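Asks: no sequence on this one, just coordinates:
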């Protein structure tokens, strides 16, 4: 599987929003002193299948940034997950990989899907003050082990970096209450759907399907050439996205450990 060029283009643009990001011949490195607990803000992202790239070269670019930002972990992502990359082959032997994420691209709805009864989806681009505390709490649905500082930094990063760049939400409501959402960020003509979540009290009522498809329709209507998302390989959400019309085009392999090693 090969990373689609539009997805690569989006990744360069998304990480380019980080003030400390540095473009490398093989991808991007960044560290964010304002959000030192967030993995995606402090990492090396390999986007090119460089047949000469080694772990030492990646760390030589990343580690000085981590030191300056006082980051306590090393996070390496291979979006160009090619066996031809020596760094990837070597890191696989270390046994520190997370489950791979699938890069899933919307290929077309398998069938027409209306909004489930009782569910309303709103396109939220300018959230009111009550939105942000709810949004912060929703992160616990992805990982109930998140600390209060991590929740603060996740929310602040979305609010100060991605929302000014166009981050918006398809928010599903039931009975006037927020039931779940899919976030959308469009850059360089590519839309990325992230953080698909349904709050526990509203599950199994079609909220996730409704918000994902609303986000897809809006993104395509706005002229984006491609809509994609990430899903853990083998997990139930990946099967849901397949039913909605997403196909797997590539995968992301991630390696995480303490810093200094």
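Replies: Received it, and whenever you're ready, just let me know what you need. For clarity, every value in this text was computed on a predicted model and none was experimentally measured.
Asks: In this structure, what residue spans correspond to helices?
Replies: Counting by DSSP state H, the chain has helices at residues 5-15, 55-69, 86-93, 131-138, 148-157, 207-221, 236-244.
Asks: Go through these and pick out the most buried.
Replies: Most buried of the helices of the chain, by mean neighbour count (mean count of other C-beta atoms under 10 Å): helix 207-221, with a mean of 22. C-betas here are computed from N, CA, C, even on glycine.
Asks: out of everything not next to it in sequence, what's closest to residue 13?
Replies: The shortest distance from residue 13 to any non-neighbouring residue, by C-beta to C-beta, 6 or more residues apart in numbering, is to residue 187 (4.0 Å).
Asks: Can you pull out the low-pLDDT segments for the chain?
Replies: 95-97, 112-114 (pLDDT under 70).
Asks: ok so, going back, export the helices of the chain to a markdown table and tack on distance to residue 106?
Replies: Listed next are the helices of the chain as a markdown table, based on distance: least, C-beta to C-beta, whole Å:
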| stretch | distance to residue 106 |
| --- | --- |
| helix 5-15 | 12 |
| helix 55-69 | 31 |
| helix 86-93 | 27 |
| helix 131-138 | 23 |
| helix 148-157 | 25 |
| helix 207-221 | 5 |
| helix 236-244 | 8 |
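Asks: how about the ones you listed, which one is nearest residue 77?
Replies: Minimum separation from residue 77 across the helices of the chain (C-beta to C-beta) falls at helix 5-15, 9.3 Å.
Asks: Show me what the closest one is packed up against.
Replies: strand 27-30, strand 177-187, strand 190-198, strand 226-232 (3 or more C-beta pairs under 8 Å, 6 or more residues apart in numbering; DSSP states H and E).
Asks: what residues does that helix touch?
Replies: For helix 5-15, contacts defined as C-beta atoms under 8 Å, 6 or more residues apart in numbering pick out 21, 23, 28, 30, 45, 47, 79-80, 103, 105, 185, 187-190, 192, 225-226, 228, 249-250.
Asks: residues near residue 103, how many?
Replies: Look at residue 103: counted by other C-beta atoms under 10 Å, it has 22 neighbours.
Asks: Can you name the residues that contact it?
Replies: Listed by C-beta under 8 Å, 6+ apart, the contact set of residue 103 reads 1, 3, 4, 7, 79, 228, 230, 248, 249, 250, 251, 252.
Asks: Mark which of these are buried, thanks.
Replies: Burial by neighbour count, judged by 16 or more other C-beta atoms under 10 Å, picks out 3, 4, 7, 79, 228, 230, 249, 250, 251, 252 from these.
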